[in-house]
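**Q** Structure for this input, please:
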Amino acid sequence: MIIKNALFITLFTLIAFPVNAAWQAANPVAAEAVKNPRIAAVLAVAMRFDQAILAHDEVVFSDTFTDDAVVNNPFNKIARKADAVKNLRIKLIDYATLDRSIEYAAIRGSHDVVLMGEETLTPVGQARFAGKQVRRRTTEVWTDESGQWKLAIRQATIYVAE
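**A** Next up, the predicted model:
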């Protein structure tokens, strides 16, 4: 029953409060790379992750991380999974829009995919740089955990806030 209620609330939130998250390939090499089924699967999970951020869906956001995930976040701090989830809960992570430009996507070893590029987002509320358009460089390492892609390492560095 709890799972059904959580699913209903998540679906209702996504329908009732449309959010804007998108991605694009920044170059022909990235466009070709995302045709690889493993990279495409990671990108699909990354888009669900971005949608979860915009919808404040703590369950999907948390489930996307590996248990030992580490983030070098835009607050210039190292954060663990619990820290990132808390920041979403208290709305230090709160965006009206979130768009990715993938510049590099590649399979690394037998279990990892790397995504690198830029994000453009619009923070709102209590989030850092609320009301401005923020651009940041990102690097993510996604790992295959028993057939599910999970975010293991993430770096995000703000370089423009205007």
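**Q** now the biggest helix by length in the chain: how far from the chain's centre is it?
**A** If you go by DSSP state H, the chain has its longest helix at helix 37-55. With C-alpha atoms, centre = their mean, to the nearest Å as the basis, helix 37-55 stands 7 Å off its chain's centre.
**Q** For that helix, the averaged confidence score.
**A** Here helix 37-55 scores 95 as its mean pLDDT.
**Q** who's in contact with that helix?
**A** For helix 37-55, contacts defined as C-beta atoms under 8 Å, 6 or more residues apart in numbering pick out 10, 13-14, 17, 19-21, 23, 33-34, 57-61, 64, 88, 93, 95-98, 100, 102, 105-107, 113, 115, 140, 142, 144, 149, 151. Just so you know, the C-beta spots here come from the backbone N, C-alpha and C atoms, and that holds for glycine as well.
**Q** Just the buried residues from the residues you listed, in ChimeraX please.
**A** A single ChimeraX command selects the buried members of the contacts of helix 37-55 (16 or more other C-beta atoms under 10 Å):
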select :10,19,21,23,33,34,57,60,61,64,88,93,95,97,98,100,102,105,113,115,140,142,144,149,151
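**Q** for the longest helix of the chain, which positions count as buried?
**A** 38-39, 41-43, 45-46, 48-55.
**Q** same deal with stretch 110-121?
**A** 112-119, 121.
**Q** how distant is that stretch from the center of its chain?
**A** On C-alpha atoms, centre = their mean, the centre of stretch 110-121 falls 9 Å from the chain's centre.
**Q** And for stretch 145-153?
**A** 13 Å.
**Q** so where do the strands sit in the protein?
**A** Ranges of strands in the chain, per DSSP state E, are 20-25, 65-72, 78-80, 95-108, 112-123, 134-145, 148-161.
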